[in-house]
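Undergrad: for reference, the sequence and a predicted model appear below.
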Amino acid sequence: MIKKLSLLAPVFALFLTGCSLAPDYQRPEMDIPQTWEASQSQALQNKWWVRFNDPTLNALVDEALANNRNIAQAMARVEQAQASLGVARDALLPTAAASADGKRTAYRNEASTKVNNGHIGNNFSGSLAASWTLDFWGRYWNAAEAARMSLVASEAARDNVILTVAAGTVESYFWLSAYTWQEELAQSVLKNREESLRVYQNRFDNGQISDLDILSIKANVETARNALASARIAKNAAETSLAVLLGRSPAELLAGSKIKAPGSLMVSLASTPALPSGIPSDILEMRPDIRQAEANLMAANYNIGVARAAFLPSFSLTGLLGSASIELNELLRSTNHYAALSGGVSLPLNFWTIKRGVTMIEAEKEAAIATYELAVLGAFKDVRDSLVAQTEYANSVKALTRQVEYLNAALGHARTRYDNGFASYLELLTTESNLFSAQQALAAAHANHLVSIAEVCLALGGGWQN
C-alpha cells in the first residue's frame, strides 16, 4: 500500500499546483504627471513630526501611537487577516482526523429471559483518516492569494491609521496652541478694556464724553468677553480631541487632561522650513490608502478565479488506516489492521447560481478599480492642496504679522489724537478692534501654516528616503 501511494505522489503534486482561472492582473492605467514643478526633492524621515523640534509634541505623538484605540483596532484586524490567510492556506492540504471506538454488547439467549444467560461481546477500533480536495483548477490557491492580499490591505490600513493618528495629534497640538494664544490675547484685551471702562465711566459721569462714547466702550468690553469665551470653548475642544487621540481615560477627559501647548509656540515655530514640492509621482504609490486600495483590487482579481472554479468538477481523495479487535490489548496487532483509499468527483449543476456568483465578484472588482482610481486622484489632490496651502499660509502669516505691526502703530496715533481732542473715541475703538481681530487672525494663520506642513507629510504617506 505504501509503495502504491509513493507512485501516486507526482500525480498529487500535479493536482496540487493545478491551474488558475483568475484573470491576469493589470494595474489600472491613469494619466498622471511624473513630478510636480518645483525644486529638487529631499528625504523626509518617517518620524516626520520631529522636524518641528518640539519635545512635548514628540512625547505626545509617541503616547498616541502607543495608546490610541483606533490603532489597537487596526492591529487586531491585521491579526484577524493573518489568521484568515492561515485558514485559506490550510485548505490546500489534506484534512486529517482520528477516531476511536469501543463497544460492549449483550446478546440475550432465546431460551432464557436473563441477560447474564446470554453472550457478551466486545469490539474495539481505531482509525486515522485523511481527505484531500485536489486543487486542480486553482480554486483554493486563488482563495489563499486573495487572503494574502487582504492581509496586505489590512497592514496598509493599519499604516494609514497610524499616519492619520500622528497627523491628528500634531494638528490638534498646534490648534491647542493657537487657541491658547487667542485666549491669552482675549484675556489681555478684556483686562485693558475693563480698566479703560472705569476711566471713561468717570469722564462720562463728569460730562466729559458723550453717551455714544460710553456705550461704545461698554459694547467693546462685551466683545472681548465674548472672544474670550469662544477661545476657551475652542481650546477645550482641541484639548479633548487630543486626549482622545492619546487614548486618555474617560475620567481624565471629564476632569480635564490639562495638556499644555503654550501660545508662544506659534511664533517660535513660524520659521519651520517648508517641505519640498519637487516630488516624484511614484512616491504616492507608498501612501497607505493607495496600497490598501490596490491590494483589495488584487484580492478581488483572485476571487474571480475562485468563483470561476465553481463551474468545474471537484476531485477528492480519502485515505483510511485503522485497526479493529474484540480485545483492547490486541488492537495494535498487524493482523487486525486495515486500509482503504477512495476517490470521488462531483460536478455542480446549479450553473445559473454560479454564474450569478461570478458576476457578483466581477462587479466587486469593478468597484475595487474605481476605489483605487479614486484613491490615486485623492492623493494628487491632497498633495497639490497641501503644497499650495503650505506656501500661501506662509504668505498669510507674513502679511498678518505686518498688519499687526501697522495697527499697533496706528493705535498709538489714534490714542494720541483722541487724548488731544482731534478724534472721536469711535475712531480709537475701531483701530483697537481692528488690531485685536488681526492678532486673532495671526494666531489662526500660524496654526494653519504649521498644520499645512503636517498635511503635506500626511499627503505624501508619512515619509520617504532618497
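TA: Now that the structure is in, tell me what you want to look at. No experiment lies behind these values; they were computed from the predicted model shown.
Undergrad: gap between residue 231 and residue 179?
TA: Per C-beta to C-beta, to the nearest Å, residue 231 is found 6 Å from residue 179. C-beta: built from backbone N, CA, C; applies to glycine.
Undergrad: let me redo that: residue 87
TA: To residue 179, residue 87 is 50 Å away according to C-beta to C-beta.
Undergrad: one more: residue 20?
TA: 57 Å.
Undergrad: helix or strand: which one has residue 83?
TA: Using DSSP states H and E, residue 83 maps to helix 69-90.
Undergrad: dump the residue contacts of residue 291.
TA: 152-153, 156, 159, 285 (C-beta atoms under 8 Å, 6 or more residues apart in numbering).
Undergrad: next one, pLDDT for it please.
TA: Looking at residue 291, its pLDDT stands at 91.
Undergrad: is it in a helix, a strand, or coil?
TA: Here residue 291 is recorded as helix under DSSP: H, G, I helix; E, B strand; the rest coil.
Undergrad: and if you look at residue 27?
TA: Assigned with three-state DSSP, residue 27 falls in the coil class.
Undergrad: which one's more surrounded, residue 231 and residue 179?
TA: More crowded of residue 231 and residue 179, by other C-beta atoms under 10 Å: residue 179, with 25 against 22.
Undergrad: excluding sequence neighbours, find me the nearest residue to the more buried one.
TA: Excluding the flanking residues, the one nearest residue 179 by C-beta to C-beta, 6 or more residues apart in numbering is residue 235, at 3.8 Å.
Undergrad: what helices and strands are in contact with the helix or strand containing the one you found?
TA: Residue 235 belongs to helix 211-245 when assigned by DSSP H and E. Other helices and strands packing on helix 211-245, by 3 or more C-beta pairs under 8 Å, 6 or more residues apart in numbering; DSSP states H and E, are helix 139-205, helix 250-255, helix 425-459.
Undergrad: next one: the helix or strand harbouring residue 345 to chain centre, how far?
TA: Taking DSSP H and E as the definition, residue 345 sits inside strand 337-346. The chain centroid and the centroid of strand 337-346 are separated by 50 Å under C-alpha atoms, centre = their mean, to the nearest Å.
Undergrad: which elements pack onto that strand?
TA: Looks like strand 337-346 contacts strand 314-325 (3+ C-beta pairs under 8 Å, 6+ apart).
Undergrad: count the residues that sit near the closest residue to residue 27 other than its chain neighbours.
TA: Nearest non-adjacent residue to residue 27, counting by C-beta to C-beta, 6+ apart: residue 294, 7.0 Å away. Using other C-beta under 10 Å, residue 294 has 24 other residues around it.
Undergrad: distance of residue 294 from residue 287?
TA: Residue 294 sits 10 Å away from residue 287, going by C-beta to C-beta.
Undergrad: what do you get for residue 212?
TA: From residue 212 to residue 287 the distance is 59 Å (C-beta to C-beta).
Undergrad: of these two, which one has the most company?
TA: residue 287 (25 against 11).
Undergrad: ok, now which ones touch the more buried one?
TA: 160, 375, 379, 459-461.
Undergrad: buried subset of the contacts of residue 291 as a ChimeraX selection?
TA: Selection of buried members from the contacts of residue 291 for ChimeraX, criterion 16 or more other C-beta atoms under 10 Å:
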select :152,153,156,159
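Undergrad: between the contacts of residue 291, which is nearest residue 383?
TA: Nearest to residue 383 out of those is residue 285 (C-beta to C-beta; 12.7 Å).
Undergrad: contact partners for that closest one?
TA: Counted by C-beta under 8 Å, 6+ apart, residue 285 has contacts residue 291.
Undergrad: ok, for the residue positioned nearest the centre of the chain, nearest residue in space, not its chain neighbours?
TA: Against the mean C-alpha coordinate of the chain, by C-alpha atoms, centre = their mean, the closest residue is residue 161 at 2.4 Å. Closest residue to residue 161 apart from its sequence neighbours, by C-beta to C-beta, 6+ apart: residue 74 at 4.3 Å.
Undergrad: so which strand or helix has residue 130?
TA: Counting by DSSP H and E, residue 130 is part of strand 119-134.
Undergrad: tell me the mean pLDDT for that strand?
TA: 71.
Undergrad: now stretch 313-331
TA: Here the average pLDDT along stretch 313-331 is 66.
Undergrad: what's the answer for stretch 163-173, then?
TA: Per-residue pLDDT values over stretch 163-173 give a mean of 94.
Undergrad: one more: stretch 265-283?
TA: 64.
Undergrad: try stretch 394-406
TA: Across stretch 394-406, the average pLDDT comes to 94.
Undergrad: which parts of that stretch are buried?
TA: 394, 396-397, 400-401, 403-404.
Undergrad: so where's this protein uncertain?
TA: Filtered on pLDDT under 70, the chain yields the residue ranges 1-18, 31-45, 102, 104-122, 124-127, 256-257, 269-282, 322-339, 463-466.
Undergrad: in it, which helix has the most residues?
TA: helix 351-419 (DSSP state H).
Undergrad: and residue 21, which of the three is it?
TA: When classified by three-state DSSP, residue 21 comes out as coil.
Undergrad: hang on, isn't it packed against residue 142?
TA: Yes: counting by C-beta atoms under 8 Å, residue 21 touches residue 142, with 7.4 Å between them.
Undergrad: overlap in contacts of the two?
TA: Shared contacts of residue 21 and residue 142, defined by C-beta under 8 Å, 6+ apart, are found at 305, 309.
Undergrad: over to residue 99. Which of the three states is it?
TA: Here residue 99 is recorded as strand under three-state DSSP.
Undergrad: could you report the neighbour count for it?
TA: Neighbours of residue 99 (other C-beta under 10 Å): 11.
Undergrad: and it, bridged to which residues?
TA: residue 127 (DSSP bridges).
Undergrad: what about it, distance to residue 320?
TA: Distance from residue 99 to residue 320, by C-beta to C-beta: 10 Å.
Undergrad: before we move on, the earlier item: which ones are touching the residue nearest to residue 179?
TA: Neighbour list for residue 235: 176, 179-180, 182-183 [criterion: C-beta under 8 Å, 6+ apart].
Undergrad: please apply the same query to residue 213.
TA: Neighbour list for residue 213: 200, 204, 424-426 [criterion: C-beta under 8 Å, 6+ apart].
Undergrad: give me the buried subset of the residues you listed.
TA: Listed as buried from the contacts of residue 213 are 200, 204, 424-425; burial here means 16+ other C-beta under 10 Å.
Undergrad: adding distance to residue 188, write those residues out as a markdown table.
TA: What follows is these, written out as a markdown table (distance: C-beta to C-beta, whole Å):
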| residue | distance to residue 188 |
| --- | --- |
| 200 | 19 |
| 204 | 24 |
| 424 | 25 |
| 425 | 20 |
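Undergrad: out of those, what pair is the most spread apart?
TA: So for the buried ones among the contacts of residue 213, where distance means C-beta to C-beta, the most widely separated pair is 204 and 424, at 14.2 Å.
Undergrad: now render the contacts of residue 235 as CSV, adding distance to residue 342.
TA: As requested, those are exported to CSV (distance: C-beta to C-beta, whole Å):
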residue, distance to residue 342
176, 71
179, 75
180, 78
182, 80
183, 81
